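Colleague: task: produce atomic coordinates for the following.
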Amino acid sequence: MKKVYSIEGIDCANCAAKVEDKINKIKGIDEAVLNFMTSKLSIEFKSSEEKDVEQVMNEVKKIIAKMEPEAKLS
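Modeller: As a prediction, this is how the structure comes out:
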């Protein structure tokens, strides 16, 4: 299952790359791509189960909040 989210408030491409790298290390994600230019975060989940996706997204939000506190994911 693939979902695309808008992300605002990331300051630079290097910061986006660091966040993307951390997100890709989460169990339950096949691939995550954070495009700094379009402010989009695309995530390919290993499971299509809603509870699994929700659990992974909680981890994603924690990483973003820790690394880029001003960033907003929607």
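
Colleague: buried residues in the longest helix along the chain?
Modeller: Of all segments of type helix in the chain, defined using DSSP state H, the longest is helix 50-67. Within helix 50-67, the residues that qualify as buried are 53, 56-57, 59-60, 63-64, counting by 16 or more other CB atoms under 10 Å. No exception for glycine: its C-beta is placed from N, CA and C like everyone else's.

Colleague: and the contacts of stretch 25-45?
Modeller: 1-8, 10, 12-13, 16-17, 19-20, 23-24, 46-47, 52-53, 55-56, 59-60, 63, 73 (CB atoms under 8 Å, 6 or more residues apart in numbering).

Colleague: quick one: mean pLDDT over that stretch.
Modeller: Per-residue pLDDT values across stretch 25-45 average out to 96.

Colleague: alpha carbons of it, as PDB, please.
Modeller: Written as PDB, here are the backbone C-alpha positions of stretch 25-45 (Å, rounded to 0.1, in the frame of the first residue of the first chain):
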ATOM      1  CA  LYS A  25      14.800   2.200   8.800                       C
ATOM      2  CA  ILE A  26      11.300   1.700  10.300                       C
ATOM      3  CA  LYS A  27      10.000  -1.800  10.200                       C
ATOM      4  CA  GLY A  28       6.900  -2.000   8.100                       C
ATOM      5  CA  ILE A  29       8.100   0.400   5.400                       C
ATOM      6  CA  ASP A  30       9.300  -0.900   2.000                       C
ATOM      7  CA  GLU A  31      10.300   2.500   0.800                       C
ATOM      8  CA  ALA A  32       9.900   6.200   1.900                       C
ATOM      9  CA  VAL A  33      10.800   9.100  -0.300                       C
ATOM     10  CA  LEU A  34      10.800  12.700   1.000                       C
ATOM     11  CA  ASN A  35      10.800  15.200  -1.900                       C
ATOM     12  CA  PHE A  36      12.000  18.500  -0.500                       C
ATOM     13  CA  MET A  37      11.000  20.400  -3.700                       C
ATOM     14  CA  THR A  38       7.400  19.300  -3.700                       C
ATOM     15  CA  SER A  39       7.000  18.900   0.100                       C
ATOM     16  CA  LYS A  40       5.700  15.400  -0.300                       C
ATOM     17  CA  LEU A  41       6.400  12.200   1.700                       C
ATOM     18  CA  SER A  42       5.600   9.000  -0.200                       C
ATOM     19  CA  ILE A  43       5.500   5.800   1.800                       C
ATOM     20  CA  GLU A  44       5.200   2.300   0.500                       C
ATOM     21  CA  PHE A  45       4.000   0.200   3.400                       C
END
